[in-house]
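Undergrad: below: sequence and its predicted model.
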Amino acid sequence: MFSLRYGSLLILAGGIVVAGCGRQSPPVKTEMPTFRGIALKVGAVDDPTILAGVGLLRGEWEASRGGQIEVLEQPIAVGSPLAADVLIFAGERLGDLVDAGVLAAIPNAAVMPSRPAEPDAGTAAEPDHAAAAASNNILQYADFAPAFREQVSNYGDERYALACGASALVLVYRRDAFENEGIRAAARAAGLEVKPPQTWAELDALAKFFEGRDWNGDGKPDHGIVLAMGADPEGVGDTAFLARAAGLGQHRDQYSFLFDSDDASPRVDSLPFVEALKGVVAWKNFGPPGMPQFDAAAARESFRSGGAALLIDRAERASSWSGGKPVGVSALPGSERVFEPVRKEWKPASPPNRPSYLPKGGGWLIGINKFAVGSQREAALDFITYLAGPDNLNRLCAEKKFPMLPVRTSQISMGLPDPTGAPDVDARQWSEAVSNTLGLERVIPGLRVHGAALYLSDLSKGRLAAIKGEAPEQALQSVAKAWTERTKALGPKRQLWHYRRSLNKLVTMPQPPEAGK
């Protein structure tokens with residue numbers, strides 16, 4: 001258990017206002033922990049850019065706790081457990097960190113409200129009870145959306161981190177195209193309704209309808225849809241493919257998605273994924289010239305300059321969508337049918353099957369180095385609780401150098417973290433689209449097993465091969481073969497343990513099988 005040492009300073013830790021309810025939780029007196037003489041190192045795995053917001057927030061912690069924070073400029077290597085006390089990382093790296101044994105589990109007492117046992121008369125409450133009360137007042141963990149409170153931050157039955165930000169794809173559209181009366185009349189004549197689509201088939205029909213049509217009135221034919229289809233470090237093209245596959249392949253009665261949870265065999269070459277990839281490849285016919293080579297930045301530029309009526313992009317990049325024209329936003333559509341993997345047959349889905357697929361293993365997380373012990377670990381726990389508090393998370397998400405989506409229910413519904421940066425984006429629609437993505441009952445965090453980045457690199461190669469003309473069936477068979485070989489190299493039993501653990505719902509042993517098995 002963690003136990004925090006406390007000074008004599010008292011503060012008021014007030015509750016946050018939940019959007020729409022107009023009520024505020026009563027202030028609670030909480031002792032402020034002090035860590036004089038403690039110096040914490042904070043680092044990021046892979047991309048230190050995420051630390052820009054952390055650097056701006058450390059001053060208040062240092063002033064109130066008496067400790068010191070050093071923000072490391074270089075990325076942390078997973079195999080260097082002593083490089084930092086506090087680690088910030090994408091969720092897809094969680095399996096690597098668990099496999100390396102470098103993360104400390106975060107106890108329930110640090111985040112969950114609890115009622116400590118009444119102390120004997122004349123005795124003080126145990127320090128752990130005070131520590132839990134302090135963390136709960138600052139963190140307000142119940143405000144985290146269920147996906148981030150119960151899934152993304154957990155690996156099996158252990159909580160290894162606190163969520164600090166998310167990413168999700170949304171559908172963006174030019175309102176001048178959707179609200180043009182001549183365009184709407186032409187759509188009705190074609191048997192279509194110009195509105196945010198509820199299914200992928202409806203999206204395909206809209207993209208085809210807008211393609212080659214002068215919907216912006218400049219006298220030139222315009223295009224239907226644009227997105228990152230080429231090599232893209234942000235992974236938008238891969239995420240769009242997996243989001244479409246989730247609607248087709250994630251049955252309501254199934255936990256697993258990319259692998260079979262019984263033997264870790266790949267599902268990526270099965271019918272739902274093949275159909276999804278065919279749909280993605282077909283978008284080439286409805287986009288601007290050069291779209292098969294676009295990365296996310298090129299896709300945004302094309303949309304911003306009027307190159308297409310529709311854009312699929314990360315919701316947190318809203319400030320880069322508009323070129324002075326009003327922009328609408330909706331959640332990605334779902335599928336009108338879903339594949340039942342046990343019987344291997346298609347079933348109709350009404351309403352459309354639409355689980356959310358979240359890239360980056362669900363978002364970004366803050367964890368504690370297992371090798372930070374004693375007062376160092378106590379300070380680290382206090383610092384991640386401080387960072388994950390309501391006000392500070394809001395500031396982190398609004399950081400322009402590394403924008404993220406909020407993970408707290410109250411903040412998800414409050415609109416754009418920085419509305420001044422996207423004045424032409426409909427803030428209400430943006431908020432609804434994000435809420436209807438992050439707040440769904442069924443949320444699929446992206447792959448986060450040991451070696452997740454390598455598996456996803458294999459997937460990206462297969463998708464790019466299909467974009468370049470290879471048959472989707474053949475491209476995905478190559479991905480499945482690469483995944484099988486990769487699993488064999490990492491150890492089939494160990495990888496199965498990781499996959500089942502990453503689903504958070506299936507029974508596993510506390511420790512993985514030995515490496516290589």
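TA: On my side now, so go ahead. Here the structure is a predicted model, which means the values were calculated and not measured. Residues are numbered from 1 along each chain as shown.
Undergrad: against which helices or strands is the helix or strand that contains Arg300 packed?
TA: Using DSSP states H and E, Arg300 sits within helix 296-304. Applying 3 or more CB pairs under 8 Å, 6 or more residues apart in numbering; DSSP states H and E, one finds that helix 296-304 contacts strand 225-226, strand 310-314. Where you see a C-beta, it was placed from the backbone N, CA and C, and this is true even at glycine.
Undergrad: show the subsequent helix or strand relative to the first one.
TA: Pointing back at strand 225-226 there. Downstream of strand 225-226 (by DSSP H and E), the next one is helix 236-249.
Undergrad: quick one, that following helix and strand 310-314 angle?
TA: 100 degrees (axes from the mean of the first three to the mean of the last three CA atoms, to 10 degrees).
Undergrad: show me what helix 236-249 is packed against.
TA: Partner elements for helix 236-249 (3+ CB pairs under 8 Å, 6+ apart): strand 169-174, helix 271-282, strand 310-314, strand 335-340, strand 345-353, strand 356-358, helix 452-467.
Undergrad: give me the angle between the first one and helix 296-304.
TA: Following the same axes, to 10 degrees, one obtains 30 degrees for the angle between strand 169-174 and helix 296-304.
Undergrad: partners of strand 169-174, with directions?
TA: strand 310-314 (antiparallel), strand 327-331 (antiparallel) (DSSP bridges).
Undergrad: distance between the strand or helix carrying Gly367 and the chain's centre?
TA: Assigned by DSSP H and E, Gly367 falls within strand 364-368. In terms of CA atoms, centre = their mean, to the nearest Å, the centre of strand 364-368 is found 13 Å from the chain centre.
Undergrad: show me what that strand is packed up against.
TA: In terms of contacts (3+ CB pairs under 8 Å, 6+ apart), strand 364-368 is packed against strand 86-90, strand 162-165, helix 375-387.
Undergrad: now those in CSV, with distance to Ser305 and mean pLDDT?
TA: Output for the helices and strands packed on strand 364-368, formatted as CSV (distance: least, CB to CB, whole Å; pLDDT from 0 to 100):
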stretch, distance to Ser305, mean pLDDT
strand 86-90, 31, 96
strand 162-165, 29, 96
helix 375-387, 38, 95
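Undergrad: okay, the ones you listed in CSV with mean neighbour count next?
TA: Below are these laid out as CSV (neighbours: other CB atoms under 10 Å):
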stretch, mean neighbour count
strand 86-90, 25
strand 162-165, 26
helix 375-387, 23
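Undergrad: for Phe241, which of these is the nearest?
TA: strand 86-90 (18.7 Å; CB to CB).
Undergrad: what is the rounded mean pLDDT of stretch 397-408?
TA: For stretch 397-408, the mean pLDDT works out to 91.
Undergrad: residues in contact with the helix of greatest length in the chain?
TA: When the chain is parsed with DSSP state H, its longest helix is helix 472-490. With CB atoms under 8 Å, 6 or more residues apart in numbering as the contact definition, helix 472-490 has outside contacts at 259, 264-266, 268-269, 273-274, 277-278, 281, 450-451, 454-455, 458-459, 461-463, 465-466, 495, 516.
Undergrad: buried sites along it?
TA: Pro472, Ala475, Leu476, Gln477, Ser478, Val479, Ala480, Ala482, Trp483, Arg486, Thr487, Leu490 (16 or more other CB atoms under 10 Å).
Undergrad: going by distance to Val373, which of the residues you listed wins?
TA: Nearest member of these to Val373, counting by CB to CB, is Leu490, at 29.7 Å.
Undergrad: dump stretch 204-215 to PDB, keeping only the CA atoms.
TA: Provided in PDB are the C-alpha atoms of stretch 204-215 (Å, rounded to 0.1, in the frame of the first residue of the first chain):
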ATOM      1  CA  ASP A 204     -20.000   5.500 -49.100                       C
ATOM      2  CA  ALA A 205     -23.200   6.700 -51.000                       C
ATOM      3  CA  LEU A 206     -22.600  10.300 -49.900                       C
ATOM      4  CA  ALA A 207     -19.000  10.300 -50.900                       C
ATOM      5  CA  LYS A 208     -19.900   8.900 -54.300                       C
ATOM      6  CA  PHE A 209     -22.700  11.500 -54.700                       C
ATOM      7  CA  PHE A 210     -20.500  14.500 -53.900                       C
ATOM      8  CA  GLU A 211     -17.600  13.200 -56.100                       C
ATOM      9  CA  GLY A 212     -17.400  15.300 -59.300                       C
ATOM     10  CA  ARG A 213     -20.200  17.600 -58.300                       C
ATOM     11  CA  ASP A 214     -19.700  21.400 -57.900                       C
ATOM     12  CA  TRP A 215     -21.000  21.600 -54.400                       C
END
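Undergrad: circling back to that earlier point, and Phe371, which of the strands paired with strand 169-174 is closest to it?
TA: strand 310-314 (34.2 Å).
Undergrad: now the angle between helix 271-282 and the closest one, please.
TA: Using the same axes, to 10 degrees: strand 310-314 against helix 271-282 is 120 degrees.
Undergrad: how about residues contacting strand 310-314?
TA: Everything outside strand 310-314 that qualifies as a contact, by CB under 8 Å, 6+ apart, is 167-174, 203, 206-207, 210, 224-227, 234, 236, 240, 296, 299-300, 303, 321, 332.
Undergrad: and with 6 Å instead?
TA: Ser167, Leu169, Val172, Tyr173, Ala207, Ile225, Val226, Leu227, Ala240, Phe303 (CB atoms under 6 Å, 6 or more residues apart in numbering).
Undergrad: give me the nearest residue to Ile138, chain neighbours excluded.
TA: In space, and not counting its chain neighbours, Ile138 is closest to Gly389: 5.0 Å by CB to CB, 6 or more residues apart in numbering.
Undergrad: Leu393 and Thr385: what is the separation?
TA: 11 Å (CB to CB, to the nearest Å).
Undergrad: residue contacts, Asp99?
TA: His450.
Undergrad: again with His223
TA: Glu211, Gly287, Pro288, Gly307, Ala308.
Undergrad: wait, which of those is closest to Ala147?
TA: Ala308 (30.4 Å).
Undergrad: just read off the phi/psi values of the closest one.
TA: Main-chain dihedrals, Ala308, degrees, to the nearest 10: phi -160, psi 160.
Undergrad: coming back round to it: could you flag which of the contacts of helix 472-490 are buried?
TA: Buried members of those, scored by 16+ other CB under 10 Å, are 259, 264, 266, 268-269, 273-274, 277, 281, 450-451, 454-455, 458-459, 462-463, 465-466, 495.
Undergrad: ranking the helices and strands packed on helix 296-304 by burial, who's on top?
TA: strand 225-226 (a mean of 28; mean count of other CB atoms under 10 Å).
Undergrad: tell me the mean pLDDT over it?
TA: 98.
Undergrad: so how far is Leu40 from Phe383?
TA: 6 Å.
Undergrad: how about low-confidence regions in the stretch 51-200 of the chain?
TA: Across the stretch 51-200 of the chain, the ranges flagged by pLDDT under 70 are 80-82, 113-137.
Undergrad: in it, which spans are strands?
TA: 68-71, 86-90, 154-155, 158-159, 162-165, 169-174 (DSSP state E, counting those that start in this stretch).
Undergrad: need those in a markdown table (columns: distance to Thr420).
TA: Shown next, in a markdown table, are those (distance: least, CB to CB, whole Å):
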| stretch | distance to Thr420 |
| --- | --- |
| strand 68-71 | 27 |
| strand 86-90 | 26 |
| strand 154-155 | 36 |
| strand 158-159 | 35 |
| strand 162-165 | 19 |
| strand 169-174 | 19 |
